[in-house]
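Asks: Build the 3D model from these lines:
(2 chains)
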Amino acid sequence: MRRLVILVLLYFVMQGVFRLGSASAGAPTLMLFGFLILAAYSVGEFVASFGLPKIVGYMAAGVLFGPPGLSYVSTQVLQELNPVSNLAIALIAFLAGAELQIAEIKLRGVGILKMMSLELVLCFVGVAATMALLHGQLPFLENAPTREIFAFSLLFAAVAIVHSPAATIALLSETRANGPVARYTLGVVLVMDVAVVLIFSAVLTAARALVPPSGGGGGVQVGTVAWEIGGALLVGAAIGACVALYLRFISRELFIFAIFVALLGAEIARQLHVETLLTLLVAGFVAENAAGGLRGEEFRHAMERAAAPIFVVFFALSGARIDPASVLPLLAIVIPVVLVRIVAMWGGTRIGGRWAKLEPVVANNSWYGLVSQAGVAFGLAAVVADVYPERGEELRELLLAMIAINQTIGPILFRIGLKRSGELRHADTDASALPQSPVPVRSAAHG
Amino acid sequence: MSAPLLLILIAALAFLATHVAYEWLARRLLIVSGAEYLVLGVLLGPQVTGLFSPSAMDAFDPIVILGIGWMGIAAGMPLRLQRLVRIPSVTYRLSLVESLLTFALVTVGALSALSYGFQISQADALLPALALGAIAVASTPAGLDVAYGESRRSAPVLRQIEVAHGMDGLICVLTFGILMSWAHEAVPLMTRALTLTEWVAVTLGIGVVGGALFHLFLGNERSSDRLFISLGGAVVLTSGAAAYLQLSPALAALVMGVVLVNSLRQPGPVYEVLRAGERPLYYMLLILAGASWSPDSNVVWWLVIIHYLVLRTLAKLWGTGIATWVNRAQHEVGLDWGRALIGQGRLTIALALDYSRRDLPYGDVVFTCSAVSVLFTEFFAARFVRSAAAPLLAPLEQLSATTEAVVESVTETMTHRLPGLLKGDRDHDTEGRH
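Replies: Take a look at the predicted model:
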């Protein structure tokens, strides 16, 4: 509470600074960025006292001070802070890859694949069917021919199946949960992140065949998709190998090296036109497993140290991009879709978990962690709008509304799931023993 | 493979090679590592590969401002009054005289060199000359850390060097901050434009208000991760506010640091967090400094640079010598402790970048002087410190060795002559070992 009072004071001090600024004043980006960090941090700590995940607070601060709220952080400032968001996504992807270990994949791989595949199918079919049924409520699909309804429903479903590695990693870091539910959820989210690129590309190709975009631009070729995925695997593996060599033979200045790897990896992926997230995910996986032992562990700690403030910034900026005003008119169609998506996840993971003969606690509680959506979903929504400039823009609005809801309720549900499975309690005990470690310790993954 | 990607890889390899080489040199020759990042920046910048385009450099401006602010707060954190009052006044006197002499000598020298070399009036040369004078005062404490670590800091000569580094930091940031307020564009606000004094007060005010609010904000926080986030946010906000008003981020952050360190009951954790962020940010500043460096082949430039280097070195060497001799302190600290102040580092780069990123006259010249000085003096900063302090520490070391030998001899004699007396102690020792 004290921090919130100081935040209000800071707000007024900054108003004074703005009054002193004149035509010759520089850009206020950095000052507002600092304010956003402190605001997000304070609101995060505040909501944590009510048992809510901190990232919900970070996003709430973004909504409050961003363009949809007080508009303190303007759209232009948000654009100027885009490199920070990109760095955050790159770091989170690398960190997510580094969280996966070969031993863990051997141990849990089959279970993860079974849960993921069923959840994926149910979610995709369920959301696409719901969209097709509710098309009459959407102005741009109201009088559209069946094939267009079909194409746009599939596109919508292809974005709806996306999860959020960032939210998952952030919440696991925050809670230090490391039990089977946490590990299976992380596994499903990461594997799905790879699968979704393939599925979305395939669906987009099919949609283009059914409904050719005006002007024919923004298309996706099979070869391009193959390179995006295959190239990402190759490039990611190469980067990971280089990182592993560095860790083995030099292993200095790990903090700055972590940031350097994230920047370099993202730039290489951009230059070679391969999927950035997948590249860094693979790079993190290879680096961690090839370097192994203490060095890999040290590097992961350095990355996590760099990522701690990055989570605050990333979710605050994500929150600032949510516009509650644009969500409200679409609630009638978005809420059914969100509910169907959740039910599909619930059913998919339960059936998948039983099929894989997992413990009931895993099968019953893993779905909670799959609801969140963030960066990847935003990106895919933008691709849809790019390919179909007219109707795609309306579809994008709809997608953003759904993402906004999932982004808000997802972390809360994940925390509830961890609590129900008893992993939050253990995490709290571990946290009190190791107050400085922000890391979901991996030892439990082996046993 | 595309050309930019190839260049990234070349630059990365060059960085690794230079880093490894410097590590090797540092271990064997007592060299302070860091300048390899400046070299990397030059490789990435428009002068060599062009990987960092001018527009890309603009995008990095917030990081530069954050780095400048971080160096400022790091310079303010050692200024805890509780600790400072225990130091004899003569130590401050010597340090202050040395700082002011360096400022005066380099300013006058740069004024004449700039006005003569570039054929401009002294009024036009005044601002860059003052900036060079302020930057010349800065000296890097990295040499002292590498040469002696935290040991023997109570020795008079090392204490003198440590205080002089702190004083140099304070004077250069303060002078530079006032200079930026002076250079502030006079734009009417409401009824009239603010005066120099008012802009200085605004800069100090940002720091004081920032320090006071963040003192309350941090509270009794001890977790290093939470401190890192809140302190990072505080420095970003304070530096950003100063930069927004076209004032000095370093001075605002320094004042904030002074307020924080004197108001917190236990500033240790905050200090640790600041130190943890200092090196990475310094390296980033060096990379960006190297990338934004655009030297000129004009011979006048190099005359000014040589002028700066020579005058600064002379000021540090002679200024300290004269001040020490006048104060009759040569027995405690010697006449050569000024050598330990020749090395320049993080503050120099931060302030030089701050000057050059603004649209101020001769920004490239000021920046080149500072970068060249860092390039040539930071490597040897630890050796400079050693050469200044070793002659004075040698008798102390000898005395310490003699004392140890005497204590050992007396203990041995006592053990032989009075075996029963020391038996109890030996038993205790044995138990302790077990």
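Asks: Next up, the contacts around residue 254.
Replies: With no chain named, the answer covers chain A. Counting by CB atoms under 8 Å, 6 or more residues apart in numbering or on different chains, residue A:254 touches A:298-299, A:301-302. For glycine as for every other residue, the C-beta is placed from the backbone atoms N, C-alpha and C.
Asks: meant chain B actually
Replies: By CB under 8 Å, 6+ apart, the residues touching residue B:254 are B:72-73, B:75-76, B:169-170, B:173-174, B:177, B:207.
Asks: averaged over its residues, what pLDDT does the strand or helix carrying it have?
Replies: In this structure, residue B:254 is located in helix B:249-263 according to DSSP states H and E. Regarding helix B:249-263, the rounded mean pLDDT is 92.
Asks: Now that helix: buried residues?
Replies: B:249-262 (16 or more other CB atoms under 10 Å in any protein chain shown).
Asks: picking up where we left off before, out of the contacts of residue B:254, which end up buried?
Replies: B:72-73, B:75-76, B:169-170, B:173-174, B:177, B:207.
Asks: can these go into a markdown table with extra columns for distance to residue A:273 and secondary structure?
Replies: As requested, these are exported to a markdown table (distance: CB to CB, whole Å; DSSP: H, G, I helix; E, B strand; the rest coil):
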| residue | distance to residue A:273 | secondary structure |
| --- | --- | --- |
| B:72 | 42 | helix |
| B:73 | 42 | helix |
| B:75 | 45 | helix |
| B:76 | 47 | helix |
| B:169 | 48 | helix |
| B:170 | 52 | helix |
| B:173 | 46 | helix |
| B:174 | 51 | helix |
| B:177 | 47 | helix |
| B:207 | 47 | helix |
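Asks: got those as TSV, with distance to residue A:412 and pLDDT columns?
Replies: Converted to TSV, the buried ones among the contacts of residue B:254 look like this (distance: CB to CB, whole Å; pLDDT from 0 to 100):
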residue	distance to residue A:412	pLDDT
B:72	40	93
B:73	37	92
B:75	44	90
B:76	41	90
B:169	47	93
B:170	49	94
B:173	46	95
B:174	50	95
B:177	47	94
B:207	40	91
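Asks: which of those lies closest to residue A:104?
Replies: Nearest to residue A:104 among these: residue B:73, at 41.8 Å, using CB to CB.
Asks: Now do the contacts for that closest one.
Replies: Per CB under 8 Å, 6+ apart, neighbours of residue B:73: B:235, B:238, B:253-254, B:256-257, B:260, B:274.
Asks: farthest pair in those residues?
Replies: B:238 and B:274 (13.2 Å).
Asks: out of these two, which sits in the busier spot?
Replies: residue B:238 (30 against 24; other CB atoms under 10 Å in any protein chain shown).
Asks: how close does that one sit to residue B:371?
Replies: 26 Å (CB to CB, to the nearest Å).
Asks: What's the per-residue pLDDT of residue B:220 here?
Replies: 69.
Asks: for residue B:425, that is, sorry about that
Replies: pLDDT, read off for residue B:425, is 52.
Asks: Likewise for residue A:138?
Replies: 79.
Asks: how close does it get to residue A:151?
Replies: From residue A:138 to residue A:151 the distance is 13 Å (CB to CB).
Asks: neighbour count winner among the two?
Replies: Each of residue A:138 and residue A:151 has its neighbours counted (other CB under 10 Å); residue A:151 has more, 23 against 19.
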